[in-house]
Structures are given as C-alpha cells and as structure tokens.
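Q: Provided below are the primary sequence and the corresponding predicted coordinates.
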Amino acid sequence: MTSLTGTGVLLRFSLRRDRVMIPAWVAVNALMVLSMPNTLKGLYGTESERADLLHQVATNASFRALIGPVFDDSLGALTAWRVGVYAGALAAVTSLLVVVRHTRDEEESGRQELIASGAVGRRASLTAALLAAGVANAVLALLVVAGLAGQGAAGALAFGLGLAGVGMLFATMAAIVAQLTESARLARGLTAAVLGAAFVLRAAGDSASDDGSSVLTWLSPLGWLENLRPFADERWWVLLLFAAAVAVQALVAYELAGRRDVGMSFLPTRPGPAAGRLGTAGALAWRLQRGAVLGWSVGFFLAGVVYGGLTDGVADIVGDNENAREIFERMGGQSGLTDAFLASMTGMLGLIAALYVVASVLRLHGEETSARAEPLLAAPVGRLRWAAGHLTIAFAGSALIMLLAGLGFAVGYGKEVGPILGACLVQLPAIWVIGGLTALLYGLAPRLAPAAWGVAVAVLLIGWVGPALDAPQIVLDLSPFGHLPKLPGGGMEWGPVLVLLALAAALAGAGLAALRRRDLTT
C-alpha cells in the first residue's frame, strides 16, 4: 500500500460532501466577475470616460489601495482591475475552507482515525483535499475564461489562471497550517490572517505606486495577480511564481503530514486558561470566540478607515457619470453623492458582517458535532444557557464590529461622526435576522445548519451585484438589508427596523425552542 492509496475514493467523497458549498462559492465568484463587463460598459461607455477613470485612479492613492491600479482602458482590463483583487480573495477563502474541512476538521472530529484504519495511505486525505480545492479552482478558471473570451482570449486565459493560482496557493498554505495546528478553527483563522496580510501589503504597495511596481505589492500573491496584467499585455511569467509557490508549499505540507500522528500537531494546544476560571457558559463562549471577534473588529475598523478616506474623492472619481451615480444611489438611496457613497459602503460592510454572525452562531454546531458539548451539558448547564452564551457573542459581536467600522469611517472621513455611526448601526437588525435564521436552522437539525451559509451568500450577492445589474426591486426586497433606511442622507424609518428586530428575536427564540426538544448529535 502506498501513501496515496485510496485518494480517488476520498476525492469522490469530498466532492460529494461539498456538492453544495463548492458550487455556491464558485458560482458567486464567477457571477461577480462575468457581470462586470456589461456593468462597466454602461458606466464608462466612451473613450473619454475611460480615460478620465484611468487618470482618477492614477492620481488617487486611496482608490488604488482599495482596488488596485488599472493598466488599460479596455473592458477586459477594467474588469480585471475592478474585481480581480476581490475575486482572488474569494477564491482563496473557498480553497482554505475546503482544505481545512477535509484535513484538520476530519481529524478533530475523529473521523480521520476511522478512515486511516482502512486501506488508506498516509497522505491520501491531504491529497484528496488539495484535489478538491483544485477542482473548485479549475471550474472557476473555466467559467472565467469562457465568459470573458469575448473581451480577448489571451486576457481571459491569464485572468482565469491567475485566479486559480491564488486559490491553489492558499489551498497549499492551508494544508501546511493544518499540520501545524490542532484546531480546525485556528487553522482557518491563521490562513485567513495570512490572506488579510496579503491584502494589506498589496494595498500599501498600490497606494505608493500607480503601476504595481512596489516591493510591497510583489510580496503579496494578490499583487502577483494584478501584475499578471490580464487584457493589458499579459506577463505570462508571473504564473511561474504561482506554480513555484504552490509546488514548494505542497511539498512542505506532504513532508509535515508524514512526520506526525493522526490528531496530533506540531504546535500543541494549551490544556486550559493560564489564569482565571470559566464559571459560566457565557464565559466559555467568549473564551472560544474572542479571537474571531478581535480579528473581525480590527478588520472592520481598518476597512472603515480606508472607505472613509475615499469619501472626499468619490465625487471626482464619479464625475459627471450618471450611470455610476445611479448605481451608488441604488445601493445607498436617493441623496447627495457623498451620502449615497457612505450609505452604500456601510451597507456593504453590513452584508459582510452577516458572514460573521453566521460563523459565530454555527460555533454551536461545531461544538455539538465534535462531541465537546455533551460533557458540558452533562454538568449543571442547561441547553438554553449554553446556546444563549454563543448567541450573545454572535449578536453583541456583530454590534461591536459595526460600531468599530463606524469609528473607522469617522477617522478616515474626519466629519459627520454621528450620522456615520448611525448608518453602521442601522445595519444590525438585518444582520441579526440572518443570525436568527441560522439559529433556527441549527436548532431544528444540525444537518440543516450549513444551509445558513447559502442564505448569507445569496444576501451578499443580492446586495452587492443586484444594484449593478439593475435587478428588479422584488429581487432586492428578498434581502432584509433592502428594507433598511438608507443612512446617512435618508430619513430614519423606525417601522422596518422594529419589524426586522422582532423577526430576528422570533427566529432566534424558535431556534432555542427547537434545540431544547431535539436529541444531540452523537
């Protein structure tokens, strides 16, 4: 038996388990990319409008930090510029989730030990996980190449391969981190932190240079993607950087996987708190989730600072472009351009915060399926107290990160602190509706809980892509965010806010009631 025996069977099993997650994430990413050419054609349909855009990007360091430099005025080049960084980041997130799910998650749950007792090679599970990530990135690349071929076959091929390269780079990085850590949660968090650092390095480099030549840009894999320059005299040799990085990281992961026992790690977890004690279920929930809350808080504050710094220049960037103004107003409401921009950006952060609340509530699902909840509930701790501790962290944590986002906007923009804070906090009822729905799905049955990710991604897609595609109002109204007042600039409407708050409370309460009546997963 070789170290790869059973890889094919495990790969088929992995793809079967991810038959919903992988297509959903890939479809969202591909739709975001493929919808952009028509949107940009409507926004910048003339050569003079595109030339003015290139000038504004070249002279606005904050805008380059957010999106990156633009290298050509063709629709293909503008598409790669507008969504390249974010599509690459989304491919990275998809890949790291897939790899950690089929490596460290399996070991943490004890399933890997059962699998390893059969005719399965030592490195078969790792290989199957990397191949599953490879399938996801290959499908994304094929969709992008096919969808953008009309803008230029060479550019479409370069862009598709670049996105797949970013995805596989973070897949192999996640494979290494999964060998180093004993916790799937920590493995995901550390790999995501590396992705965040890559975004920050690229942003710092692009703010300092308008052609992507900064050393900081070249230190980031996201910087490699933009320096591949799809649709703008492609630099094919940049793909060799991705290939070399993927190969080296894969070799390191394979070497580490062969040097440890199943369930063990090179960085062991501490057995308990170094000081103090955990006297309540809420204190335990905070202990388990404080790292995630801190990471999201820092990220949202920095995002607020960046978006706030862009606010004064938004009028120059949009200029007299009525189509761009209309999109901002569809996202942010009928108000002045600055207020519409602030409303649309705070709304976008609210959509992203919905992902946080889903992840936080689903920590209950992870504790139950890993069998850590059962010993705790065998003590004098009721289910409702245990679940309420995690729900408190989820709902209060979302309020904290949105508050810090508002403070970041105030720091970056330097004025209108009160209205901006109000614009951020008014997103909370919609965020909590998503959290309440997640609690309901988990309470009814653990197998239904992952469906909350699909709901959150659908809401994100409606809020992000819907206005740009001029989607019908009935589609936009499917999202709870579509019913919020558009602040700042618009009038405060308490009716929809109170309805959403009541709905969130009802969903969370129903979820707790369902949890109380069902059996725990064993």
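A: Nice, thanks for sending it over.
Q: Leaving out sequence neighbours, find the closest residue to residue 156.
A: Leaving out its chain neighbours, the residue that sits closest to residue 156 by CB to CB, 6 or more residues apart in numbering is residue 148, at 3.9 Å. In this view, the C-beta of every residue, glycine as well, is placed from N, C-alpha and C.
Q: So what would you say the end-to-end distance of stretch 479-492 is?
A: End-to-end distance for stretch 479-492, by CA to CA, to the nearest Å: 19 Å.
Q: Show residues contacting that stretch.
A: By CB atoms under 8 Å, 6 or more residues apart in numbering, the residues outside stretch 479-492 that reach it are 332-336, 339-340, 342-343, 346-347, 350-351, 416, 419-420, 422-423, 426-427, 429-430, 433-434, 459, 462-463, 466, 476-477, 493, 496-497, 499-500, 503.
Q: mean confidence for it?
A: Stretch 479-492 shows a mean pLDDT of 81.
Q: ok, and for the helix or strand hosting the residue nearest to residue 156, which residues are buried?
A: Under the criterion of DSSP states H and E, residue 148 resides in helix 124-148. Within helix 124-148, the residues scored as buried using 16 or more other CB atoms under 10 Å are 124-141, 143-145, 147-148.
Q: what element comes up after it heading to the C-terminus?
A: helix 153-180.
Q: helix/strand/coil for residue 488?
A: Put simply, residue 488 is coil when judged by DSSP: H, G, I helix; E, B strand; the rest coil.
Q: what do you get for residue 245?
A: Assigned state for residue 245: helix (three-state reduction, three-state DSSP).
Q: Distance check, it against residue 172.
A: Distance, residue 245 to residue 172, using CB to CB, to the nearest Å: 8 Å.
Q: Between these two, tell me which one has more neighbours.
A: Using other CB atoms under 10 Å as the criterion, residue 245 and residue 172 rank with residue 172 on top: 24 against 17.
Q: got the contact list for residue 133?
A: Contacts of residue 133 by CB under 8 Å, 6+ apart are 94-95, 98-99, 167-168, 171.
Q: try 6 Å
A: Applying CB atoms under 6 Å, 6 or more residues apart in numbering, we find residue 133 in contact with 95, 98-99, 171.
Q: Then residue 404?
A: 297, 300-301.
Q: got the buried residues for the helix or strand encompassing it?
A: Taking DSSP H and E as the definition, one finds residue 404 inside helix 383-413. Buried residues in helix 383-413, counted by 16+ other CB under 10 Å: 383, 386-391, 393-395, 397-410, 412-413.
Q: one step back: next step: the contacts of residue 404 restricted to helices.
A: 297, 300-301 (DSSP state H).
Q: Could you export these to a markdown table, including columns for distance to residue 103 and pLDDT?
A: Shown next, in a markdown table, are the ones in helices among the contacts of residue 404 (distance: CB to CB, whole Å; pLDDT from 0 to 100):
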| residue | distance to residue 103 | pLDDT |
| --- | --- | --- |
| 297 | 28 | 89 |
| 300 | 29 | 89 |
| 301 | 32 | 90 |
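Q: so which of the residues you listed is the most crowded?
A: Using other CB under 10 Å as the neighbour test, these are led by residue 300, with 25 neighbours.
Q: Look up how far residue 165 lies from it.
A: Computed as CB to CB, the residue 300 to residue 165 distance reads 28 Å.
Q: now residue 424
A: Look at residue 424 and residue 165: by CB to CB, they are 35 Å apart.
Q: Counting only helices, which of the contacts of stretch 479-492 make the cut?
A: Of the positions in those, 332, 339-340, 342-343, 346-347, 350-351, 419-420, 422-423, 429-430, 433-434, 459, 462-463, 476, 496-497, 499-500, 503 sit in helices, assigned by DSSP H.
Q: Other residues contacting stretch 439-457?
A: Under the contact criterion CB under 6 Å, 6+ apart, stretch 439-457 has outside partners 24, 28, 354-355, 358, 361-362, 364-365, 434, 438, 507-508, 510-511, 514-515, 521.
Q: are any of the residues you listed buried, and which?
A: Buried subset of the contacts of stretch 439-457 (neighbour count, 16+ other CB under 10 Å): 24, 28, 354-355, 358, 361-362, 364-365, 434, 438, 507-508, 510-511, 514-515.
Q: Just the closest of the contacts of residue 404 to residue 196, please.
A: Residue 196 lies nearest to residue 300 out of those, by CB to CB, at 11.7 Å.
Q: so what's that closest one up against?
A: Residue 300 neighbours (CB under 6 Å, 6+ apart): 401, 404-405.
Q: what's near enough to touch residue 23?
A: Here residue 23 is in contact with no residue (CB under 6 Å, 6+ apart).
Q: So in this protein, where's the weakest helix or strand by average pLDDT?
A: Every helix and strand of the chain was ranked by mean pLDDT, DSSP states H and E. The lowest is helix 322-332, at a mean of 53.
Q: thinking again about what came up before, can you add distance to residue 107 and pLDDT and give the contacts of residue 300 back as JSON lines?
A: Shown next, in JSON lines, are the contacts of residue 300 (distance: CB to CB, whole Å; pLDDT from 0 to 100):
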{"residue": "401", "distance to residue 107": "30", "pLDDT": "94"}
{"residue": "404", "distance to residue 107": "35", "pLDDT": "92"}
{"residue": "405", "distance to residue 107": "36", "pLDDT": "90"}
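Q: among the contacts of residue 133, which are in helices?
A: The members of the contacts of residue 133 that map onto helices under DSSP H are 95, 98-99, 171.
Q: Next, the distance between the ends of stretch 232-246.
A: End-to-end distance for stretch 232-246, by CA to CA: 25 Å.
Q: That one: which residues count as buried?
A: Buried residues in stretch 232-246, defined by neighbour count with 16+ other CB under 10 Å: 232, 234, 238-239, 241-242, 245-246.
Q: elements contacting the strand or helix carrying residue 367?
A: Element membership for residue 367, per DSSP H and E: helix 363-369. Contacts defined by 3 or more CB pairs under 6 Å, 6 or more residues apart in numbering; DSSP states H and E place helix 363-369 against helix 383-413.
Q: what inclination does the helix it packs on have with respect to helix 417-425?
A: 140 degrees (axes from the mean of the first three to the mean of the last three CA atoms, to 10 degrees).
Q: pLDDT at residue 296, what is it?
A: 87.
Q: so how far is residue 190 from it?
A: To residue 190, residue 296 is 15 Å away according to CB to CB.
Q: do the same with residue 19
A: Distance from residue 19 to residue 190, by CB to CB: 27 Å.
Q: So the residue nearest to residue 5 when sequence neighbours are not counted, which state does it fall into?
A: Using CB to CB, 6+ apart and skipping the chain neighbours, the partner closest in space to residue 5 is residue 121 (4.0 Å). What three-state DSSP gives for residue 121 is coil.
Q: I figured residue 121 hits residue 8, correct?
A: No - under the criterion of CB atoms under 6 Å, residue 121 is not in contact with residue 8, lying 11.1 Å apart.
Q: Just give the number of residues close to residue 447.
A: Counted with other CB under 10 Å, residue 447 comes out at 12.
Q: repeat for residue 20
A: Neighbourhood size, residue 20 [other CB under 10 Å]: 12.
Q: likewise residue 47?
A: 9.
Q: how much space is there between it and residue 390?
A: Following CB to CB, the distance that separates residue 47 from residue 390 is 55 Å.
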